[in-house]
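1. Starting from these lines, generate the structure:
(2 chains)
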Protein chains: 2
Amino acid sequence: MSTAALLVIGNEILSGKVRDTNSAFLAVELRKLGVELERILTIPDEIDLIARETKAMSENYDYVFTSGGIGPTHDDMTMDGIALAFERELETNQSMIDRMARYSDKPLNDAMKKMAIIPAGAEILDVGGLWFPVVVVENVHIFPGIPELFEKKFHSIADRFSGVPFVLRKIFVRESESDIADTLNSLLREYPELMLGSYPKINEEHYRVMLTLESRDEAYVERATGQLVKNLPDDAIYKIES
Amino acid sequence: MSTAALLVIGNEILSGKVRDTNSAFLAVELRKLGVELERILTIPDEIDLIARETKAMSENYDYVFTSGGIGPTHDDMTMDGIALAFERELETNQSMIDRMARYSDKPLNDAMKKMAIIPAGAEILDVGGLWFPVVVVENVHIFPGIPELFEKKFHSIADRFSGVPFVLRKIFVRESESDIADTLNSLLREYPELMLGSYPKINEEHYRVMLTLESRDEAYVERATGQLVKNLPDDAIYKIES
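-> The predicted structure follows:
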């Protein structure tokens, strides 16, 4: 089983100026790959904090992703924080300077060159069509906060992250959550390995709860789904999705 | 200065089945009140983890909010985790049973009664029109994950959370971030207390960067904004918002 954690670095998210969409994107993409995202943490742009949280995530999860804080301005602290986390020097990476120079139509200024200062010994993964590569330090994958770039870069290196995909069935039911709670508990006694979720919705016209049944074993999910359908009242099910 | 942290409890967010909107909502609302949201953490529905993270947040921030995990089903662990965090017993709260009974048109079943089991000594805040109150343990405010309920409940008790509001100006500029980085750095030397954010956007027709200037001192923001406008090239500014 592969696990993952995401560190979102950005005062702009915490202060409500910019809405984070990278978390939701990554949750969906990692799930497709069968990698379990176990922690999403948003913190301010502070070097010590970035270092501490990156280090803890790196030790506890297989893959770590960071979002944000790698631009050319004063509030971009991510590279500093990650260098500190792994006690590495920061150094100008000549291959990144070369990439920048190829893509730029004017001489590089100091602010642009700042973006090529990365932790020593980092791995550099090229992304087609973008001058800025994905920088990887140990198991930490450093992504930009801008959603369009985050998504493009993730897709371009997604084949590095592998797990065993989950099989998911969704059952939308018309009963209230408290009326089916007993039925769910007895299903779990019979299928203790089932990952069973129950999510009430309000303001939905046709159902009151979305149930999710998951496992990496398709036959197991199928049997559990069949059992649950049998145990629910006849007209309780609005629809089933797989 | 008042600080806050949000703990989002939910496998459904981490696995990409449900998109978290409560974080973004709370970030905006707390900012309006002048409360600084400093940490947003999403974790699975696991009692020990909920306990540990709640305890740490409670010690480090003035206000703590939790989202999710308070329904009637097997995967709702938040009350258990928070009771463990503060070493309190769980007990059935009779006033919550009474509220439920008033709102329900049928006898209460065990699943409904489960929702009235809360940490001993918790404070109960009534929310007009909803049978389920906001439960508060020490400085931890326990909210449901369902966005409509989260928002309604927050609005109904928002006057408990006070801070000194920020004054914000946004300047949308046509230059690239690396071309204005020096200008921003020199502004910060002159206005070291300014909270200055720089957020590049791609796919925007009229500007390339949104700058945010903030302080709790309105005159200070005004002066800094005036200085920045003077220092930027004449045609660099697309618009200014306050």
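
2. For A:Leu168, give me its contacts.
-> A:Thr212, A:Leu213, A:Glu214, A:Val221, A:Ser242, B:Lys17 (Cβ atoms under 8 Å, 6 or more residues apart in numbering or on different chains). C-betas here are computed from N, CA, C, even on glycine.

3. my bad, A:Tyr103
-> Residues counted as contacts of A:Tyr103 (Cβ under 8 Å, 6+ apart) are A:Trp131.

4. And the pLDDT for it?
-> With respect to pLDDT, A:Tyr103 scores 83.

5. hey, where'd the helices end up in chain A?
-> A:11-14, A:22-33, A:47-60, A:78-85, A:94-103, A:110-114, A:147-157, A:177-190, A:218-231 (DSSP state H).

6. Which neighbouring elements make contact with the third one?
-> It stands for helix A:47-60. strand A:3-9, strand A:36-43, strand A:63-67, helix A:78-85, strand A:140-143 (3 or more Cβ pairs under 8 Å, 6 or more residues apart in numbering or on different chains; DSSP states H and E).

7. model confidence over the shortest one, on average?
-> I take that to be strand A:140-143. 98.

8. Check which helices and strands it is in contact with.
-> Partner elements for strand A:140-143 (3+ Cβ pairs under 8 Å, 6+ apart): helix A:47-60, strand A:63-67, helix A:78-85, strand A:134-137, helix A:147-157.

9. Check the fourth one too.
-> Under the contact criterion of 3+ Cβ pairs under 8 Å, 6+ apart, helix A:78-85 touches helix A:47-60, strand A:90-92, strand A:117-119, strand A:134-137, strand A:140-143.

10. who does the fourth one pair up with?
-> In this case it means strand A:134-137. As defined by DSSP bridges, the strand partners of strand A:134-137 come to strand A:123-125 (antiparallel), strand A:140-143 (antiparallel).

11. Determine which stretch of those is the most buried.
-> Highest mean neighbour count of those: strand A:140-143, a mean of 24 (counted as mean count of other Cβ atoms under 10 Å in any protein chain shown).

12. Point me to the residue sitting farthest from the middle of chain A.
-> Ranking residues of chain A by C-alpha distance from their mean position (Cα atoms, centre = their mean) puts A:Asp234 at the top, at 38.2 Å.

13. quick one, what contacts that one?
-> Counting by Cβ under 8 Å, 6+ apart, A:Asp234 makes contact with nothing.

14. And it, how close does it get to A:Ser242?
-> According to Cβ to Cβ, to the nearest Å, A:Asp234 stands 21 Å off from A:Ser242.

15. tell me the mean pLDDT for stretch A:180-188?
-> Stretch A:180-188 carries an average pLDDT of 94.

16. Run through who's touching it.
-> Stretch A:180-188 is contacted by residues A:173, A:194, A:196, A:198, A:209, A:211, A:224, A:227-228, A:231-232, A:236, B:72-74, B:109-111, B:114 when judged by Cβ under 8 Å, 6+ apart.

17. Just the buried ones from the residues you listed?
-> Buried subset of those (neighbour count, 16 or more other Cβ atoms under 10 Å in any protein chain shown): A:173, A:194, A:196, A:198, A:209, A:211, A:224, A:227-228, A:232, A:236, B:72-74, B:111, B:114.

18. what residue is smack in the middle of chain A?
-> A:Leu26 (3.2 Å).

19. wait, isn't that one in contact with A:Lys153?
-> No: assessed by Cβ atoms under 8 Å, A:Leu26 is found out of contact with A:Lys153, at 11.3 Å.

20. Tell me how chain A divides into domains.
-> For chain A, automatic domain parsing gives the domain ranges A:3-160, A:167-241.

21. tally of neighbours for A:Glu204?
-> When neighbours are defined as other Cβ atoms under 10 Å in any protein chain shown, A:Glu204 has 13 of them.

22. quick one: pLDDT of it?
-> pLDDT, read off for A:Glu204, is 90.

23. Then A:Gln94?
-> 93.

24. neighbours around it, how many?
-> Neighbour count of A:Gln94, defined by other Cβ under 10 Å: 9.

25. Once you drop chain neighbours, what's closest to it?
-> Counting by Cβ to Cβ, 6 or more residues apart in numbering or on different chains, A:Ala116 is the residue found nearest to A:Gln94 once chain neighbours are left out, at 8.0 Å.

26. Same check on A:Gly81?
-> Closest to A:Gly81 by Cβ to Cβ, 6+ apart is A:Ile50, at 2.6 Å.

27. OK, contacts around that neighbour?
-> Applying Cβ under 8 Å, 6+ apart, the residues near A:Ile50 are A:Leu7, A:Ile9, A:Ile43, A:Thr66, A:Gly69, A:Met77, A:Thr78, A:Asp80, A:Gly81, A:Ile82, A:Leu84, A:Ala85.

28. Include neighbour count and pLDDT when you put the residues you listed into a markdown table, please.
-> Putting the contacts of A:Ile50 into a markdown table (neighbours: other Cβ atoms under 10 Å in any protein chain shown; pLDDT from 0 to 100) gives the following:
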| residue | neighbour count | pLDDT |
| --- | --- | --- |
| A:Leu7 | 27 | 98 |
| A:Ile9 | 29 | 98 |
| A:Ile43 | 24 | 98 |
| A:Thr66 | 28 | 98 |
| A:Gly69 | 27 | 95 |
| A:Met77 | 21 | 96 |
| A:Thr78 | 27 | 98 |
| A:Asp80 | 19 | 97 |
| A:Gly81 | 25 | 98 |
| A:Ile82 | 31 | 98 |
| A:Leu84 | 19 | 98 |
| A:Ala85 | 24 | 98 |
